[in-house]
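Attaching a predicted model along with its sequence, questions to come.
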Amino acid sequence: MNTMIMHTLDTLSFDNSYTELPEHFYQRVSPTPLKSPYLISLNTEVARLLSLDPCDLTPERLAEVFAGHESLPGADPIAMKYTGHQFGVYNPDLGDGRGLLLGEVINEQGERLDLHLKGAGKTPFSRFGDGRAVLRSSIREYLVSEAMHGLGIPTTRALCLVGSEELAMRDGRMEPCATVLRVTPCHVRFGHFEYFYYSRRHDDLKVLADYCLERYFPDCLQQDNPYLAMFKEVTARTAKLVAQWQGYGFVHAVLNTDNMSLIGETFDYGPYSFMDSYKPNTISNQNDHKGRYAFAQQPAVVHWNLACLAQTLLTLVDKEALVAVLDSYPAQYEQAFLDLMRQRLGLLTAEESDTQLVEDLLQLFTQQAVDMNRFFRRLNGFDGSEDSLTKLMQLLQNPAALNDWLLRYEQRLTRQPQSHAERAEQMNQVNPEFILRNYMAQEAISAATEGDFTLVNDLLSLLRNPSEPNKQYAYYAESPPDWAGAICLTCSS
């Protein structure tokens, strides 16, 4: 029997392929050390993903390394250059302004994973920023990346969260700084392609595209036009991703093209929200004055972002072929969304009438401002009994409004062979008990600011397995407190 080799930080297997690209793709930058760093949290699951032995990772060493005081053997920190459309306007002056790609690690399964230190200090692309990330935003990203993973939504993850005594100015007040060590296979954004396209460096764009094909989409190399095949794959993954956001009431809030991952992951978390009540016009980012990135706009905005990516490929792919792929996006999104909603409803077979059943339910959610995730969780246990009916009705402002839809739903269930127990077991996997709501993150932030990191670590565990009941934190499955609605999020969140 083969035993997997576990590594220490000093024996990680680095193989930094991005630095083999032309040097103007990036700039080498060393992290600026944070003052008096300390470990807040270690994600042991991500440690094992990197083939690191969690038992060998001491808090002191993690803090030193990932606060920028020490470089790992084999690491080669760089700030990547890219551009992008921000709130619909092209900005040529973007790049890694507060994060550094430390290097690429190959784990024992042969998987290549980027280590990216967010909050590493100033880079040539920081513009007017200080290059730091504050504790507040770092906790939010650290927790939500694991929460999304727990929901089965593609996402970056994080190895650890490091705090410090250093302060930075945000929204008119001084806040403690922190770093997050982000882990993902890919840090190439739509904006990387836009940089070379709009600067008319078409040869470099081809170099980037070839690199991405070899690293992320090797199967596409066998197609007649690998670049077109890659764009098809990016479109398919991205359509499924946004369908999952919509199916769980997730508002990304800053869907600029520079925040779009080439491999279809949720990327660069900012003022995100999971809606406490279903309101399609929800704007999570108070800096989004025109509502460009409102919840209901996300599928269309992502389509627009894909069109921006397609524009950059015009030197490699015929325009009509790119347009055909773009035209396929709405149907791909709608099918992925319907598939997910069938799962959440426990519809284990498919009927044409399911589309109308889902649309009517969403309309009901909107009219009654229903907490969709609590509704679906209670639907797990709906068996036609008075008790299960009452629990559902409690979530509506006008309980009688549910009657007609629920009657059709019950009739629909009779036309599939699965038992209530079989249906409930399947639904339990996709209808979580716990969702990372803003007030939960805020409670963890408030405690951490006072030096208590217990809730950060407990929430990490809770959200990693969101369908498992937890008596200690059962109240997080209930209605949010009144003060939760007053939480204000901005681009600094």
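Noted; the coordinates are in hand. Just so we're clear, the structure is a prediction, and the values are computed from it rather than from any experiment.

Please count neighbours and contacts with C-alpha atoms only from this point.
OK.

so where's the longest strand in this protein?
strand 157-170 (DSSP state E).

which outside residues touch the helix or strand that that one is followed by?
Beyond strand 157-170 in the direction of the C-terminus, DSSP states H and E gives the next helix or strand as strand 173-184. Around strand 173-184, the neighbours that count as contacts under C-alpha atoms under 8 Å, 6 or more residues apart in numbering are 34, 46, 66-67, 113-120, 132-135, 138, 142, 155-169, 449.

Now with 7 Å, please.
Outside of strand 173-184, the residues within contact range by C-alpha atoms under 7 Å, 6 or more residues apart in numbering are 66-67, 113-120, 132-135, 138, 142, 156-169.

Mean confidence (pLDDT) on it, please.
Strand 173-184 comes out with an average pLDDT of 97.

Next: stretch 11-21.
98.

End to end on that stretch, go ahead and measure it.
Here the two ends of stretch 11-21 are set 25 Å apart, with distance taken as C-alpha to C-alpha, to the nearest Å.

Kindly report the same for stretch 449-457.
14 Å.

List the buried residues of that stretch.
Within stretch 449-457, the residues that count as buried by 16 or more other C-alpha atoms under 10 Å are 453, 455, 456.

Count the neighbours of the closest residue in space to residue 334 that isn't next to it in sequence for me.
Closest residue to residue 334 apart from its sequence neighbours, by C-alpha to C-alpha, 6 or more residues apart in numbering: residue 243 at 7.4 Å. Using other C-alpha atoms under 10 Å, residue 243 has 25 neighbouring residues.

farthest residue from the center of the chain?
The centre of the chain is farthest from one residue, residue 386, which by C-alpha atoms, centre = their mean lies 38.4 Å away.

ok, the one residue sitting closest to the centre of the chain - contacts?
Central residue check for the chain by C-alpha atoms, centre = their mean: the C-alpha nearest the mean position is that of residue 266, 2.9 Å away. Contacts for residue 266 were tallied using C-alpha under 7 Å, 6+ apart; they are 154, 155, 156.

Just the buried ones from the contacts of strand 173-184?
Buried among the contacts of strand 173-184 (16+ other C-alpha under 10 Å): 66-67, 113-120, 132-135, 138, 142, 156-164, 166-168.

Could you confirm residue 27 falls within a strand?
Yes: in this structure, residue 27 lies within a strand as judged by DSSP: H, G, I helix; E, B strand; the rest coil.

quick one, what contacts it?
Residue 27 neighbours (C-alpha under 7 Å, 6+ apart): 78, 79, 80.

Need the buried ones from the residues you listed selected in PyMOL.
Burial among the contacts of residue 27 is assessed by 16+ other C-alpha under 10 Å; the matching PyMOL selection reads:
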select buried, resi 78+79+80
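
Reformat the contacts of residue 27 as JSON lines; add secondary structure, pLDDT and distance to residue 436.
Below are the contacts of residue 27 laid out as JSON lines (DSSP: H, G, I helix; E, B strand; the rest coil; pLDDT from 0 to 100; distance: C-alpha to C-alpha, whole Å):
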{"residue": "78", "secondary structure": "strand", "pLDDT": "98", "distance to residue 436": "32"}
{"residue": "79", "secondary structure": "strand", "pLDDT": "98", "distance to residue 436": "31"}
{"residue": "80", "secondary structure": "strand", "pLDDT": "98", "distance to residue 436": "30"}
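
Save the contacts of residue 27 as TSV, and put in distance to residue 284 too.
Shown next, in TSV, are those (distance: C-alpha to C-alpha, whole Å):
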residue	distance to residue 284
78	31
79	29
80	28
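
Return the closest of the contacts of residue 27 with respect to residue 410.
Of all the contacts of residue 27, residue 80 has the smallest distance to residue 410: 53.4 Å, by C-alpha to C-alpha.

Could you measure from that closest one over to residue 223?
29 Å.

got it, and residue 389?
In terms of C-alpha to C-alpha, residue 389 sits 53 Å off from residue 223.

pLDDT below threshold where in this protein?
1-3, 493 (pLDDT under 70).

Looking at it, which helix is longest?
The longest helix of the chain (DSSP state H) is helix 319-345.

Now do the strands in the chain.
26-28, 38-42, 78-80, 84-86, 89-91, 99-106, 112-118, 133-134, 157-170, 173-184, 250-251, 273-274.

Centre of the chain to the fifth one, how far?
Shown here is strand 89-91, whose average C-alpha point lies 23 Å from the average C-alpha point of the whole chain (C-alpha atoms, centre = their mean, to the nearest Å).

ok, residues contacting that strand?
Counting by C-alpha under 7 Å, 6+ apart, 83, 84, 85 sit against strand 89-91.

cool, the second one as well?
Outside of strand 38-42, the residues that reach it under the criterion C-alpha under 7 Å, 6+ apart are 59, 60, 62, 63, 159, 160, 161, 162, 163, 164, 453, 457.
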